[in-house]
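Engineer: Sequence and computational prediction follow.
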Amino acid sequence: MRVAMLSGGKDSLYAAFKSWPVDLGVMLIYDSPIPSPHILNLGKSIETLIATGVPVITLKLSKGRERDETIRLLSMLGTDEIVVGDVYIEDHLKYMESIAKEVGAKLKEPLWGKDPEELTYEIFSNGFEVLIIGIDKKLKEWLGKELSIDNLELFLSNVRKLRLDPLGENGEYHTLVVNSPLHNWRIDYEVVRLESLHNYMVIKVL
């Protein structure tokens, strides 16, 4: 059983794309005082994963028991390979390595160690189209806009000026994939609300 850890965003789905086919997608919901843009838009996050034709399981994790509950779920599923979209954050890699070891599964990190800007170009050159659903206020003019290979250079020129990570690995921005080579249909949406959270801005879409 090859399981991909997915959020609805570009990095995790691209990791699945690089490892295709996968048998199942798992979306974990963490208890956090500041909700992830993916969780705020949970319906659309799940919809974009379903559009790939892969079954998806969501699990709300209990605070303080996240690791144990993740291991339990993956073990129950009979997971023998876990696909994750980490790129350079060592702590998360080590966390996933420890989970894979407990589950008795192989960890596959197809994006690990790639140059962030080169990887960003690679993702969009492969036909990924995304909606920016959360972003640092320094880039607020991009919130609610679609990003594709057609306007990627303009976006990256803004990111470079601000010395932010072009891939958004540290949370500089979050995306909802609205179309990709894996999609059986393009995701339609309507922006219904904008929220400001400290130095971050998010949108709610239906």
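Structural biologist: Looks like it arrived, so ask away.

Engineer: Please parse the protein into its domains.
Structural biologist: Domain ranges of the chain: 2-108, 116-205, per automatic domain parsing.

Engineer: Rebuild the ones you listed as a markdown table, extending it with mean neighbour count.
Structural biologist: (Each C-beta comes from the backbone N, C-alpha and C, glycine too.) What follows is the domains of the chain, written out as a markdown table (neighbours: other CB atoms under 10 Å):
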| stretch | mean neighbour count |
| --- | --- |
| domain 2-108 | 18 |
| domain 116-205 | 17 |
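
Engineer: Let me have the ones you listed in TSV, adding mean pLDDT as columns.
Structural biologist: Formatted as TSV, those follow (pLDDT from 0 to 100):
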stretch	mean pLDDT
domain 2-108	96
domain 116-205	96
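
Engineer: Who are the contact partners of the nearest residue to T175 once chain neighbours are set aside?
Structural biologist: In space, and not counting its chain neighbours, T175 is closest to V130: 3.8 Å by CB to CB, 6 or more residues apart in numbering. Contact analysis of V130 by CB atoms under 8 Å, 6 or more residues apart in numbering lists G9, K10, E146, L147, S148, T175, L176, V177, V178.

Engineer: who does V130 bridge with?
Structural biologist: Bridge pairing for V130 (DSSP bridges) gives the partners L147, V177.

Engineer: what's the single longest helix in this protein?
Structural biologist: Determined from DSSP state H, the single longest helix within the chain is helix 90-103.
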